[in-house]
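Undergrad: Model the following, please.
(chains A, B, C and D)
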2 protein chains.
Amino acid sequence: MHLTPSGCLPTKHAAAPRTLAVKKKTVRVITSTAEFARYVGLARTTVSRVLNGQPGLKAKTIDRVQRAMDETGFTPNAYAIRLKGKGTATIGICMEDLLTPTAVKKLAALQRVFRTAHYTSLIEVLEPGGSRQLIRHFLSMRVEAVVFIGHFPVEELTQRIAELNASATPHVVIDHVGIPNAHSVTLDRAHGMVDVVDHLVDQGHRTFGLLGISARLHGRLGRMHGIMQALEKHGLPFAQSTRSLDHLHVRENDFEYGRILAASFATLKDRPTAFLALNDEIAIGAMHGLQAAGLDIPGDAAVVGFNNQEICAMTRPTLTSIDQQIGETIRVGAEVLLGQIGQPPRAKPILRTIEPRLIVRQSTDPKLA
Amino acid sequence: MHLTPSGCLPTKHAAAPRTLAVKKKTVRVITSTAEFARYVGLARTTVSRVLNGQPGLKAKTIDRVQRAMDETGFTPNAYAIRLKGKGTATIGICMEDLLTPTAVKKLAALQRVFRTAHYTSLIEVLEPGGSRQLIRHFLSMRVEAVVFIGHFPVEELTQRIAELNASATPHVVIDHVGIPNAHSVTLDRAHGMVDVVDHLVDQGHRTFGLLGISARLHGRLGRMHGIMQALEKHGLPFAQSTRSLDHLHVRENDFEYGRILAASFATLKDRPTAFLALNDEIAIGAMHGLQAAGLDIPGDAAVVGFNNQEICAMTRPTLTSIDQQIGETIRVGAEVLLGQIGQPPRAKPILRTIEPRLIVRQSTDPKLA
DNA sequence: CTGAAAGCGCTTACAG
DNA sequence: CTGAAAGCGCTTACAG
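TA: Residues are numbered from 1 along each chain as shown, chains lettered A, B, ... in the order given. Here you go, the predicted model:
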């Protein structure tokens, strides 16, 4: 999105009168209620009433207008309506990208909820460093609320939330903790990892390879926190029980990243027996890499993914994973957001937590093979 | 999206004055250039000039305005700008859904191209039967062009294209042939299937199971056309060489659909030796189903997917597939669309064809195992 | 740089 | 139902 200094969209070209040649004669496209009213033979006021479904109109009049709309294809100018208007019924959705399947799933679900609640979604993808312009664009479009989906630079997002708060625009941050004063809905990843570790320890595992998982972000609700907590519970010393090779490789394509991490792990003499991956893609890549090294899954190595995508049921072996409960996340997210609209700003940030669910499959349980 | 009879968005509530309590005193959010100009101590005209980056302004003045914008968070009302304005620099993108990975990839690529060209994308997902309202919404937002991505009911789409043509709004249909008077960019699926069949015949296959592929749609550029053409070329009688069990099962989840089709095929005594799937998901499900029945891939059965998603390199065996050339598709699509803006309407529909690329992997070539 | 003014396309009382 | 009018928040000549 390109914006002028004002945060608004640039104009592309002078508005040529929109005409269209039809069968040798030029038909002017009707672009205003004034013109349209003249065409129908009614007053502008009356047309406006019909368009807005106001009461006290004869069925005949409504019909006349409807028919004329079909004939001419006239649509009232939304910009004029909303200028005059009482709210835009629009919600801005800021996406980190459109390439993460689970993020897109959330977007799709959210858009559906908003539509049901009679809101239009204004969907934008954040360009690196473009968050200020993006929020200015949303504000200039007078959105009634803003949702953030995905992962953003903490400082930038913090700034943007402050701006939204300053303009009394409601917001919710989906799945991104650690933003001061932000209302958010977050998956309790820590809890998910506790379930995973419990399950793996139960299967006899004592050493864990971490694929793409680190403590950098997240804090209390983060995965690392959960892993440490669970290991402690089982009396396993953290430093000896876990191993990461993330420093060796660059993460571009997740599948490939998982594969190459696994290949490196396969060369270790004291190789961990269980692997926890940041997501399903990395886990699938890791299975590929481990198997290519001649290892059996789960016999020689157990693997756990994250997100429980449909593909998990179709790999060989099928992949144990953690379900994000996207439906629930979006339900709560929408509730938090819509609850703010029309209300006075909250003093305290709202923080809602979603509990994930472990789905055990063959990659960690030999009995299921 | 909910629309009133006028095709516009309903109003949600009366616009309460947006105020915000900050440190005990109530700060009014500035919502107009008039207010803002008063705040800065400049004329509205001057402020407007600064916001639009017009020449002939002192650096000092520009600075003052910039600073005041940062202080107040003021954003000019986009609805007023565009009402007055010369074009909206907005393009409507109509998606069939947000759940098909390749469709979302196209969306992401297209949005990026549009942004680079200084257009904002208005992304909407079509609800069943909601196409008329959707297009009315786009027209009411005065989009400068419309893109359709995905598959739509032919008759509905034909109607919508006619409406867009009637209002002189440019459009392009990505990957959906057979719409009269529609400008479109389409993958030559027939060509793709010719390549597949050539490859498989080369590998010694003479019988082909079709998974989800039928002749219902598409015509000349369709897959079935390509399959028939290639079989004829190799002197293989079509009816004897192909087999479909699509009538036996319901297609909901594609992975599962592929699995269950394959399970049925596995029970046949005269089972085909090669399988062509509608997409990668069905192909992966089919591999799962065939392997579960004890068959070796590609030894007992070859499998080919469609779309060449990243996962194809991570299955066991890796999956031969056809790459859609999404980058090229979107490049051409944007070219076709942007080329129409500001030009007189075309008499003849534009039809551009994209050539797919066969990517051979282990699932069809034992030498790669 | 300022200020007054017209106009974009609507909605909404208001008087008939 | 009609008609005249005010106003939403901008932009853009125009005269100073």
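Undergrad: Output the below-cut-off pLDDT ranges for the stretch 151-300 of chain A.
TA: Along the stretch 151-300 of chain A, segments meeting pLDDT under 70 span A:217-218.
Undergrad: can you tell me the residue of it closest to DNA strand D?
TA: Here the stretch 151-300 of chain A gets closest to DNA strand D at one residue, A:Ser167, 12.5 Å apart by CB to the nearest atom of the strand. For every residue, glycine as well, the C-beta is placed using N, CA and C.
Undergrad: pretty sure that residue contacts B:Gly73?
TA: Yes: look at A:Ser167 against B:Gly73 with CB atoms under 8 Å: they come within range, at 5.3 Å.
Undergrad: For the two, list the residues in contact with both.
TA: A:Leu139, B:Val29 (CB atoms under 8 Å, 6 or more residues apart in numbering or on different chains).
Undergrad: Quick check: the residue of the stretch 151-300 of chain A closest to DNA strand D vs DNA strand C, distance?
TA: 22 Å (CB to the nearest atom of the strand, to the nearest Å).
Undergrad: same check, this time on A:Asn279
TA: Distance from A:Asn279 to DNA strand C, by CB to the nearest atom of the strand: 47 Å.
Undergrad: and if you look at A:Cys94?
TA: 28 Å.
Undergrad: For A:Glu230, give me its contacts.
TA: Just so we're on the same page, residue A:230 is Ala rather than Glu. A:Met193, A:Val194, A:Val196, A:Val197, A:Asp198, A:Val201.
Undergrad: so of those residues, which ones are in strands?
TA: Assignment to strands by DSSP state E places none of those there.
Undergrad: Just those residues: which are in helices?
TA: In helices, judged by DSSP state H, the following of the contacts of A:Ala230 are found: A:Met193, A:Val194, A:Val196, A:Val197, A:Asp198, A:Val201.
Undergrad: Just the buried residues of these.
TA: Neighbour-count burial (16 or more other CB atoms under 10 Å in any protein chain shown) applied to these gives A:Met193, A:Val194, A:Val196, A:Val197, A:Val201.
Undergrad: ok, back up a step: pick out whichever of the contacts of A:Ala230 sits closest to DNA strand C.
TA: Out of the contacts of A:Ala230, the member with the shortest distance to DNA strand C (by CB to the nearest atom of the strand) is A:Met193, at 52.6 Å.
Undergrad: Quickly note the distance from the closest residue to the closest one other than its chain neighbours to A:Ser32.
TA: Of all residues not flanking A:Met193 in the chain, A:Gly226 sits nearest, at 3.2 Å (CB to CB, 6 or more residues apart in numbering or on different chains). Remark: distance between A:Gly226 and A:Ser32 (CB to CB, to the nearest Å) = 60 Å.
Undergrad: likewise A:Leu134?
TA: A:Leu134 is 32 Å from A:Ser32, by CB to CB.
Undergrad: Look at these two and report which has more neighbours.
TA: A:Leu134 (20 against 13; other CB atoms under 10 Å in any protein chain shown).
Undergrad: Could you double-check that the more buried one lies in contact with A:Pro128?
TA: No: with contact defined as CB under 8 Å, A:Leu134 does not reach A:Pro128; the gap is 11.3 Å.
Undergrad: Got the domain ranges for chain A?
TA: Domains of chain A are assigned by automatic domain parsing as A:19-84, A:90-182, A:189-324+A:358-368.
Undergrad: I'd like these as CSV, with distance to B:Gly92 appended.
TA: Below are those laid out as CSV (distance: least, CB to CB, whole Å):
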stretch, distance to B:Gly92
domain A:19-84, 12
domain A:90-182, 12
domain A:189-324+A:358-368, 30
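Undergrad: which one of those lies closest to B:Thr158?
TA: domain A:19-84 (15.2 Å; CB to CB).
Undergrad: what about A:Gly235, how many neighbours?
TA: A:Gly235 has 8 nearby residues by other CB under 10 Å.
Undergrad: Same check on A:Thr242?
TA: Quick note: A:Thr242 (other CB under 10 Å) scores 19 neighbours.
Undergrad: need the contact list for the closest residue to A:Thr120 other than its chain neighbours.
TA: Sequence neighbours aside, A:Thr90 is the residue nearest to A:Thr120 in space, at 4.9 Å (criterion: CB to CB, 6+ apart). By CB under 8 Å, 6+ apart, the contact list for A:Thr90 reads A:Tyr119, A:Thr120, A:Ser121, A:Leu122, A:Met141, A:Arg142, A:Val143, A:Glu144, B:Leu9.
Undergrad: What segments of the stretch 251-369 of chain A are strands?
TA: A:274-277, A:302-304, A:321-323, A:351-354, A:357-359 (DSSP state E, counting those that start in this stretch).
Undergrad: Relative to A:Ala37, which of those strands is closest?
TA: Among those, strand A:351-354 sits nearest to A:Ala37 (CB to CB), with 49.4 Å.
Undergrad: got a list of what the nearest residue to A:Gly289 once chain neighbours are set aside touches?
TA: Leaving aside its chain neighbours, A:Gly289 sits nearest to A:Ala262 (3.0 Å; criterion: CB to CB, 6+ apart). Residues counted as contacts of A:Ala262 (CB under 8 Å, 6+ apart) are A:Leu211, A:Phe275, A:Gly285, A:Ala286, A:Met287, A:His288, A:Gly289, A:Leu290, A:Ala293.
Undergrad: Put the buried members of those residues into a PyMOL selection.
TA: Restricted to buried positions by 16+ other CB under 10 Å, the PyMOL selection for these reads:
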select buried, chain A and resi 211+275+285+286+287+288+289+290+293
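Undergrad: Redo the contacts of A:Ala262 as a markdown table? Include distance to A:Thr353.
TA: Shown next, in a markdown table, are these (distance: CB to CB, whole Å):
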| residue | distance to A:Thr353 |
| --- | --- |
| A:Leu211 | 25 |
| A:Phe275 | 26 |
| A:Gly285 | 30 |
| A:Ala286 | 28 |
| A:Met287 | 30 |
| A:His288 | 34 |
| A:Gly289 | 34 |
| A:Leu290 | 33 |
| A:Ala293 | 39 |
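Undergrad: nearest to B:Thr318, of the contacts of A:Ala262?
TA: Ranked by distance to B:Thr318 (CB to CB), the contacts of A:Ala262 are led by A:His288 at 8.7 Å.
Undergrad: That closest one contacts A:Arg259, doesn't it?
TA: Yes: A:His288 is within contact range of A:Arg259, at 5.1 Å (criterion: CB under 8 Å).
Undergrad: Give me the neighbour count for whichever residue of the stretch 201-350 of chain A sits closest to DNA strand C.
TA: Closest to DNA strand C within the stretch 201-350 of chain A is A:Gly342: 16.8 Å, counting by CB to the nearest atom of the strand. Neighbours of A:Gly342 under the rule other CB under 10 Å: 13.
Undergrad: In the stretch 201-350 of chain A, what residue lies closest to DNA strand D?
TA: Taking CB to the nearest atom of the strand, the stretch 201-350 of chain A has A:Gly342 as its residue nearest DNA strand D, at 17.7 Å.
Undergrad: tell me the contacts of the residue nearest to A:Gly258 when sequence neighbours are not counted?
TA: Distance criterion CB to CB, 6+ apart; nearest residue to A:Gly258, sequence neighbours excluded, is A:Gly285 at 2.6 Å. Listed by CB under 8 Å, 6+ apart, the contact set of A:Gly285 reads A:Asp254, A:Phe255, A:Glu256, A:Tyr257, A:Gly258, A:Arg259, A:Ile260, A:Leu261, A:Ala262, B:Met314.
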